[in-house]
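1. Any chance you could fold what I've pasted below:
(2 chains)
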Amino acid sequence: MSSIVDKIFANTTKLIAFGVLLLVAWIFVVLFEHSVESIKAFGFTFITEDKWAPNVEKFGALPAIYGSVVSTFLAMMLAVPVAIGIAIFLSEIAHAKLKAPVGISIELLAAIPSVIYGMWGLFYFVPIIRDTFGGIGISMLTAGIILSIMILPFMAAVTRDAMNTTPDILKESAYALGGTKWDVIKDIIIPYAKAGIIGSFILALGRAIGETMAVTFVMGNVHKISVDLTEPATSIPVTLANEFAEADSALYYSSLFELSLFLLVISFTIISVAKFYFLRRKRIA
Amino acid sequence: MTHTQKRILINNIVMFLSTLSAVIGIGFLLWILSVLVINGLDALSMIIFTNEGAPPGNDNGGLKHALIGQLMLVSYAALFGVPLGVLAGTYLSEYGLKSKLSETIRDISDIMMSAPSIVIGAFVYAIVVSPMGHFSGWAGSIALTIIMIPIILRTTDDMLQLVPSTLREAAFALGAPKYKVIIQIVYRGAKAGILTGVLLGVARVAGETAPLLFTSFNDNFLNMDMNQPMASLTVTMYNYATSPYEDWQKLGWAAAFILSMFILSLNIFGRLFLLKKKNK
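-> Numbers count the residues shown, from 1 in each chain, chains lettered A, B, ... in the order given. Down below sits the predicted model:
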């Protein structure tokens, strides 16, 4: 009797575990199926065409791709140095009594939903950008800044974890030789934890590129490529968030599905690179 | 300047810059938190909990509809997601171990945990909303379930592996079948860890907005029928905050405050469970 139950239990768990793989595969298949119409209609020009005009059934994703790339690039440029600073502060500078509370608060801030960062950005940051740089304040620049603030806690926490993998004995040896903290950081910690640190940044990049709510509030969803960062813009997730519920034609839907598929493939690739190439053995994130 | 002086100078500059960036980073985050608390407390009142949505302009609007909707969406997601995640995690830790299948499932789950949630919304739109012909609470819950499963799966897997194998061996030696060993020994040993995983998983999906935008959509009034579009705190927050009406924006802050406090306390409780476990 119990050997039957045993088999049932074992197979149920196996089935469900395997189901997770099937589910992920199914997501790709469904998104692809729904993209077919758009892929047939536009082919490769979908990602090179800069005109997105639902009223004439013309869909070019270039402005959204451009917006995703630029806003994420801005966010990374702003967040990486600060994240390194925070990580150094937490692993080398802060007094033991300060380490835990500051570290935990940063981890808790990483848990705050991105919609709240977006809302804060809309009410408090948009006016600042408007008054400082001109324009209407809803812009690529604002999106980049809010995005950087949103990924900062996550990035700082993983970077710190990566730095903390450096064995104390290596650091102590360097200090014993008379190294300053900076010497230890640049000659011991960074070389030792390099892969982990780079992996953390790429992982944060993978998250930032798919981030929707933090930027939807402040980007404006304007399908126009503008070099001026204070102009409103759009990105792939922003387009999806704004237009999915109101798309009114089959081709429009299909184009949005193609955008989703494109986004999934891109972030899947970036996250895989981070996980498999850089974070493989350390399993820190 | 001697070489040593130069090194010390550079060191001091770097230390200063790191501390400064920590102060800047933490300053920004404190700014957001204080804005949230100040605006949230200012907007909080009994009406929020007793009234449903109202047209802008009269001060009678509340968030009852969104609170109940949110609770239903997340509860159903947990109802499906927790058992599925725990059982799948059980397979990885107890049966699959380091097999190729298990490692692949672990890797894919890790990736899915960081994958864009809005894409899950698009997927659920295609398989649920589109065939049904309308937005629904079920669609929203399914999207949240899909996001929750990898989180629960990975924490369960990790936590079960922490249970010492000697415990399992002792139970096997007494003649217990494997499923009994898992349910009565392994689960019991990893209770605190699994619970933490569940709390963190719930906290994570409770803050999701993007996958709900075009699955459960929104409703300005109380609806408890999962077959109909359903309000959530997050989507309501988004709609109210981007509206031009001051009283709606105020409700948006109240929603933001309630939601963040809920999520932060889940996170804190989750950590406390783990700490208590470690100290034993």
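
2. how near is A:A250 to chain B?
-> Counting by C-beta to the nearest C-beta, to the nearest Å, the separation of A:A250 from chain B is 11 Å. Yep, even glycine has a C-beta here, placed from its N, CA and C like the rest.

3. I meant to write A:T212 there.
-> Taking C-beta to the nearest C-beta as the measure, A:T212 falls 4 Å from chain B.

4. Distance of that residue relative to B:F214?
-> Distance of A:T212 to B:F214, computed by C-beta to C-beta, to the nearest Å: 12 Å.

5. Quick check, pLDDT for the most centrally placed residue in chain B.
-> A centroid search over chain B (C-alpha atoms, centre = their mean) returns B:R204, at 1.0 Å, as the residue closest to the centre. Reported pLDDT at B:R204 in the predicted model: 94.

6. do the same with A:A96
-> Value for A:A96, per-residue pLDDT: 85.

7. Same question for the one 5 residues further on.
-> At A:P101 the predicted local confidence, pLDDT, stands at 86.

8. low pLDDT regions in the stretch 1-150 of chain A?
-> Counting by pLDDT under 70, the stretch 1-150 of chain A shows low-confidence ranges at A:1.

9. Report the contact partners of A:K224.
-> A:P63, A:E231, A:P232, A:A233 (C-beta atoms under 8 Å, 6 or more residues apart in numbering or on different chains).

10. What of B:T209?
-> By C-beta under 8 Å, 6+ apart, B:T209 lies in contact with A:P113, A:S114, A:V115, A:T212, A:M213, B:S232, B:T234, B:V235, B:M237, B:Y238.

11. tell me which of those residues is nearest to B:L33?
-> For those, the closest approach to B:L33 (C-beta to C-beta) belongs to A:P113, at 13.1 Å.

12. quick one, phi psi at the closest one?
-> phi -60, psi 150 (degrees, to the nearest 10).

13. wait, it sits on B:I263?
-> Yes: judged on C-beta atoms under 8 Å, A:P113 makes contact with B:I263 at a distance of 6.5 Å.

14. overlap in contacts of those two?
-> Any residue near both A:P113 and B:I263 by C-beta under 8 Å, 6+ apart counts here, and that gives B:A206, B:G207.

15. neighbour count winner among those two?
-> Neighbours per residue (other C-beta atoms under 10 Å in any protein chain shown) separate A:P113 from B:I263, with A:P113 holding more: 25 against 22.

16. ok now do the more buried one, which residues does it touch?
-> Residues near A:P113 by C-beta under 8 Å, 6+ apart: A:M213, B:A206, B:G207, B:E208, B:T209, B:T234, B:L259, B:S260, B:I263.

17. What are the buried residues along the one helix or strand A:Y253 maps to?
-> Element membership for A:Y253, per DSSP states H and E: helix A:250-272. Buried positions in helix A:250-272, judged by neighbour count with 16 or more other C-beta atoms under 10 Å in any protein chain shown: A:251-264, A:266-268, A:270-272.

18. Would you mind pulling up the elements that it packs against?
-> With contacts taken as 3 or more C-beta pairs under 8 Å, 6 or more residues apart in numbering or on different chains; DSSP states H and E, helix A:250-272 sits against helix A:2-42, strand A:58-59, helix A:62-88, helix A:190-210, helix A:236-243, helix B:100-114, helix B:117-124.

19. Out of those, which gets nearest to B:G89?
-> With C-beta to C-beta, the closest approach to B:G89 among the helices and strands packed on helix A:250-272 belongs to helix A:2-42: 8.0 Å.

20. And the helix or strand following that closest one, how far out from the chain middle?
-> The helix or strand immediately downstream of helix A:2-42 is strand A:52-53, counting by DSSP H and E. Relative to the centre of its chain, strand A:52-53 is centred 26 Å away, using C-alpha atoms, centre = their mean, to the nearest Å.

21. May I have the strands that pair with strand A:52-53, each with its orientation?
-> Paired neighbours of strand A:52-53 in the sheet (DSSP bridges): strand A:58-59 (antiparallel).

22. Write out the residues of the stretch 151-285 of chain A neighbouring chain B.
-> A:152-153, A:156, A:180-183, A:185, A:203, A:206-207, A:209-213, A:216-217, A:237, A:240-241, A:244-245, A:256-257, A:260-261, A:263-264, A:267-268, A:271-272, A:275-276 (C-beta under 8 Å from any C-beta of the partner chain).

23. Name the helix or strand for B:A170, please.
-> helix B:165-173.

24. Tell me which helix or strand comes right after that helix.
-> Past helix B:165-173, the next helix or strand by DSSP H and E is helix B:178-180.

25. Can you give me the buried ones in whichever helix or strand comes after that next one?
-> Going down the chain from helix B:178-180, the next helix or strand is helix B:187-189, by DSSP H and E. Along helix B:187-189, these residues count as buried under the neighbour rule (16+ other C-beta under 10 Å): B:Y187, B:G189.

26. Leaving out the residues flanking it, which one is nearest to whichever residue of the stretch 151-285 of chain A sits closest to chain B?
-> Closest approach between the stretch 151-285 of chain A and chain B, counting by C-beta to the nearest C-beta: A:G210, at 2.5 Å. In this structure, A:G210 finds its nearest non-sequential neighbour in B:P116, 2.5 Å apart by C-beta to C-beta, 6 or more residues apart in numbering or on different chains.

27. What is the burial count for that neighbour?
-> For B:P116, the neighbour count with other C-beta under 10 Å is 26.

28. Surely it touches A:L264?
-> Yes: proximity of B:P116 to A:L264 meets the contact threshold set by C-beta under 8 Å, at 6.8 Å.

29. Counting by contacts, list what the helix or strand hosting B:I194 packs against.
-> In the assignment (DSSP H and E), B:I194 maps to helix B:191-206. On a contact count with 3+ C-beta pairs under 8 Å, 6+ apart, helix B:191-206 meets helix B:64-90, helix B:137-162, helix B:246-279.

30. Tell me which of those helices sits nearest to B:V37.
-> Smallest distance to B:V37 across the helices and strands packed on helix B:191-206 (C-beta to C-beta): 6.9 Å, for helix B:246-279.

31. Name the residues of that closest one that are buried.
-> Quick answer for helix B:246-279 (16+ other C-beta under 10 Å): B:247-260, B:262-264, B:266-267, B:270-271, B:273-274, B:277.

32. Okay then, goodbye and thanks.
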